[in-house]
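K.L.:
Sequence first, then the predicted structure:
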Amino acid sequence: MKPQSRLPHSTFSTQRGFSARCGLRLKSAPLALAIAALVLISPSGARSAEISDHPVSSGYLKGKIEYCSYCHGSSGQGYRGYYSMPRLAGQTPEYFVNQLRAYAERQRKNKYMYSAAHGLSPTTRSALARHFASLHPGANEHGPRGHTGEGRRIYQEGLPDSNIPACAACHGPEGQGSGQNPRLAGQLYAYTQKTLANWTAERTSGGATSGPAGIMEPITRNLSKSQQAAVAAYLSTLK
Amino acid sequence: MKLINATFAVLILATSAGGAMAFDREPKRLGQTFADTNCSWCHGPSLQGFTTAPRLAGQKAEYIENQLLSLKSHKRDNPLARQVMWGPAATITPEVARELGAYFSTLEAEAANDGRRELVDQGQNIYQTGNPAANIPSCAVCHGPDGQGAGAIPRLGGMSYTYVKRQLEDWGQGYHASAAFPMPAVARQLSAGDIEAIASYLSFVR
């Protein structure tokens, strides 16, 4: 993994004046701490998400890619079944591999994904991550339109009074993600909304408080249901 | 089988003859009026299904609408659909398809209970968890943990063993081109034993 992708503030340094704007906004100590923690934890807290270069037999990999697509939609575009299966196309490989491991180790609790992930070797997880990262995320069914304005404001600027940092600080001004911070742009509204709402419940205590997931825990707690829905709606419109 | 074919032929004639209905006078009850006169011949008086004709009661509205339109356009092409449903579906307008879906979805569904009980555990396991080693996904993620369906995805809980088994077999043989991704591909991966087990389990789900 490239070093700059571990540091949110440098990853998106192309966004002019970002540090200065953050500095102005971070008047409250807890929020400053949260950002500091976020910068510190990202490089060292989570176990490294190494993407293996080892080849996997093409027939086996093809079968697994198809297996993923049965639920996550053809070309990994995401699918709304009884549950909402997130879009995988364009996802960052580091995040992808991390999540498969979290499911397999039951830090992120989901019986379907446990079943799908626990038998996959690290090499296969890496090959799947590279495959889905290479797919282009297409247009998506948008969430409720009325909320996108508020969602954009929360995403781009945060809510200093509620100790919510700007989501764009880590996930990128266009929601493109980087390294272990997932791509959010164009994600299914129902998936993002549910993931924010169930953040803590979906993770074991260790899984919820360590690494990047630990950064998100207080953020999801401090967002109201309607604010979570607004952010999810905004993200669904990003390309 | 000849007798069954003859029976179907009679029923199709009957339904076709009654196809143009006087339902225009009661637009609010269009679905029910049409169903009482046409569908209940084969699908049972309370639309709970009968032998090879699937239960319609409690089915998802959007699914019914899609299926009727794909039967009408001959996209749904498995042998029994071709034989039994292409005729009646020819007379169905998009409005009737929508109204029938809306009506069926309001009816209480009963479980068919016609599967093999000794296969229920095996079927439940495949339905809920899939078989990752064989690249078979969990059915529950799309069809719901109790087979309740979602939107255009059909309700499966309590559907008859006969019907579910035949549908899965037909897809495995390449029929039913209208089925949305990924059903034909998933069905091809299922063994005959998997299919019997899944169909048995679903027939008892309430």
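P.N.:
Right, received. Where do you want to start?
K.L.:
For chain A, list the residues in contact with chain B, please.
P.N.:
A:63-64, A:66-67, A:69-71, A:73-74, A:79-83, A:85, A:111-112, A:115-116, A:118-119 (C-beta under 8 Å from any C-beta of the partner chain). Yep, even glycine has a C-beta here, placed from its N, CA and C like the rest.
K.L.:
I'd like to know how many residues surround the closest residue to chain B within chain A.
P.N.:
Nearest residue of chain A to chain B: A:G81, at 3.1 Å (C-beta to the nearest C-beta). Neighbours of A:G81 under the rule other C-beta atoms under 10 Å in any protein chain shown: 21.
K.L.:
ok, it touching A:C71?
P.N.:
Yes. With contacts counted by C-beta atoms under 8 Å, A:G81 reaches A:C71, the gap being 7.0 Å.
K.L.:
Now for those two: what residues contact both?
P.N.:
Counting by C-beta atoms under 8 Å, 6 or more residues apart in numbering or on different chains, the common neighbours of A:G81 and A:C71 are B:V141, B:C142.
K.L.:
Show the residue spans covered by the helices in chain A.
P.N.:
Secondary structure of chain A by DSSP state H: the helices cover A:8-11, A:18-25, A:29-44, A:58-72, A:93-104, A:111-117, A:122-134, A:148-157, A:168-171, A:189-197, A:205-209, A:211-222, A:225-237.
K.L.:
if we look at the fifth one, which residues are touching it?
P.N.:
Where contact means C-beta under 8 Å, 6+ apart, the residues beyond helix A:93-104 that reach it are A:1, A:5, A:46, A:49-51, A:88, A:108, A:110, A:113-114, A:116-118, A:120, A:122, A:125-126, A:128-130, A:132-133, A:177, A:179-183, A:207, A:212-213.
K.L.:
which of these are buried?
P.N.:
A:5, A:46, A:49, A:51, A:88, A:108, A:110, A:113-114, A:116-117, A:120, A:125-126, A:128-130, A:132-133, A:177, A:179-183, A:207, A:212-213 (16 or more other C-beta atoms under 10 Å in any protein chain shown).
K.L.:
Spatially nearest residue to the residue positioned nearest the centre of chain B (excluding sequence neighbours)?
P.N.:
Residue closest to the average C-alpha location in chain B (C-alpha atoms, centre = their mean): B:P54, at 4.8 Å. Computed as C-beta to C-beta, 6 or more residues apart in numbering or on different chains, the closest residue to B:P54 that is not its neighbour in sequence is B:Y163, at 4.4 Å.
K.L.:
Give the other helices and strands that the helix or strand where that neighbour lies contacts.
P.N.:
B:Y163 is located in helix B:161-172, with elements delineated by DSSP states H and E. Contacts defined by 3 or more C-beta pairs under 8 Å, 6 or more residues apart in numbering or on different chains; DSSP states H and E place helix B:161-172 against helix B:183-189, helix B:192-204.
K.L.:
tell me the angle of that helix relative to helix B:192-204?
P.N.:
140 degrees (axes from the mean of the first three to the mean of the last three C-alpha atoms, to 10 degrees).
K.L.:
what mean pLDDT does helix B:161-172 have?
P.N.:
Summarised as a single mean, pLDDT over helix B:161-172 is 93.
K.L.:
what's the spacing between the residue of chain B found nearest chain A and A:M216?
P.N.:
Nearest residue of chain B to chain A, counting by C-beta to the nearest C-beta: B:C142, 3.1 Å away. Taking C-beta to C-beta, to the nearest Å as the measure, B:C142 falls 27 Å from A:M216.
K.L.:
again with B:G144
P.N.:
The value you get for B:G144 to A:M216, if C-beta to C-beta is used, is 28 Å.
K.L.:
Next: A:P137.
P.N.:
A:P137 is 21 Å from A:M216, by C-beta to C-beta.
K.L.:
Please check the residues of chain A next to chain B and keep the buried ones.
P.N.:
A:64, A:66-67, A:69-71, A:73, A:79-83, A:85, A:112, A:115-116.
K.L.:
And the pLDDT at A:K27?
P.N.:
45.
K.L.:
just B:H43 next, same as before
P.N.:
96.
K.L.:
so who does it touch?
P.N.:
B:G49, B:F50, B:A53, B:P54, B:R55, B:L56.
K.L.:
Make a markdown table out of these and add secondary structure and pLDDT.
P.N.:
Listed next are these as a markdown table, based on DSSP: H, G, I helix; E, B strand; the rest coil; pLDDT from 0 to 100:
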| residue | secondary structure | pLDDT |
| --- | --- | --- |
| B:G49 | coil | 95 |
| B:F50 | strand | 91 |
| B:A53 | strand | 94 |
| B:P54 | coil | 96 |
| B:R55 | coil | 97 |
| B:L56 | coil | 98 |
